[in-house]
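**Student:** Pasting the sequence and the predicted coordinates here, then a few questions.
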Amino acid sequence: MKYRMLTEEELEVLAEDLKHFLIVNGVHDEEWRAMNVSDVPKATRLVELFSDTVLKKVYEKIQYIEHRSESSCLVFKLEKDKIELISLNRKPASKVELSTPASIHAALVNTPEQLTLFKSEKQYTKTRELEIHEMVEQGCSNSTKEFWELLCKTI
């Protein structure tokens, strides 16, 4: 398995897609029901393959992600062959909070001297989608082009 197994809730939402996936792979309704009883490992492998297919498509579409905490905000632009980063961090003695859009805005406008900002980039060391998956598993979430561009202007 490349990424992770979709949750029961995710599979419920994608039930029709799973049905089509199974048909394309030569497994029809009765066979699927029987497989879930008599060959659970095979059924699990099919769900894992479906999960990987779905997540790969999702990760291919993601362009910006971010990770926020009270002390930092990391925003990533996910290019085809590299990751760009804008890092916004509070200075050690600062009490500025960076966990919400409002607190980030307030810090940039009211107390920019209490922040450090930098921009960097790196090549992917794994496939783009696998690196995105690992970042999402570590707490990153979707971000926007507008937020990225706002931070670019600030730097």
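**Tutor:** Alright, I've got the coordinates.
**Student:** mind giving me the domain ranges of this protein?
**Tutor:** Using automatic domain parsing, the domain parsing of the chain gives 8-61, 64-154.
**Student:** got a markdown table for these, with mean pLDDT too?
**Tutor:** Compiled in a markdown table, the domains of the chain are given as follows (pLDDT from 0 to 100):
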| stretch | mean pLDDT |
| --- | --- |
| domain 8-61 | 94 |
| domain 64-154 | 93 |
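**Student:** element containing the residue most central in space within the chain?
**Tutor:** Against the mean C-alpha coordinate of the chain, by C-alpha atoms, centre = their mean, the closest residue is residue 136 at 3.7 Å. Assigning secondary structure by DSSP states H and E places residue 136 in helix 128-137.
**Student:** roughly how far is that helix from the heart of the chain?
**Tutor:** Distance of helix 128-137 from its chain centroid, counting by C-alpha atoms, centre = their mean, to the nearest Å, is 6 Å.
**Student:** Tell me where this structure has strands.
**Tutor:** Assigned by DSSP state E, the strands in the chain fall at 64-68, 72-78, 82-90, 115-123, 141-142.
**Student:** Now do the fourth one: everything it contacts.
**Tutor:** It stands for strand 115-123. Applying C-beta atoms under 8 Å, 6 or more residues apart in numbering, the contact partners of strand 115-123 are 81-91, 94, 96, 107-108, 151-152, 154-155. Glycine gets a C-beta too; all of them are placed from N, C-alpha and C.
**Student:** and if you look at stretch 20-40?
**Tutor:** Contacts for stretch 20-40 (C-beta under 8 Å, 6+ apart): 19, 42-43, 46, 49-50, 53.
**Student:** Now that stretch: buried residues?
**Tutor:** In terms of neighbour count (16 or more other C-beta atoms under 10 Å), stretch 20-40 has its buried residues at 21-22, 27, 35.
**Student:** Is residue 59 in contact with residue 124, as I believe?
**Tutor:** No. With contact defined as C-beta atoms under 8 Å, residue 59 does not reach residue 124; the gap is 12.0 Å.
**Student:** Between the two, point out the one with more neighbours.
**Tutor:** Higher neighbour count among residue 59 and residue 124: residue 59, with 20 against 16, using other C-beta atoms under 10 Å.
**Student:** what sits against the more buried one?
**Tutor:** Residue 59 neighbours (C-beta under 8 Å, 6+ apart): 3, 128-129, 132-133.
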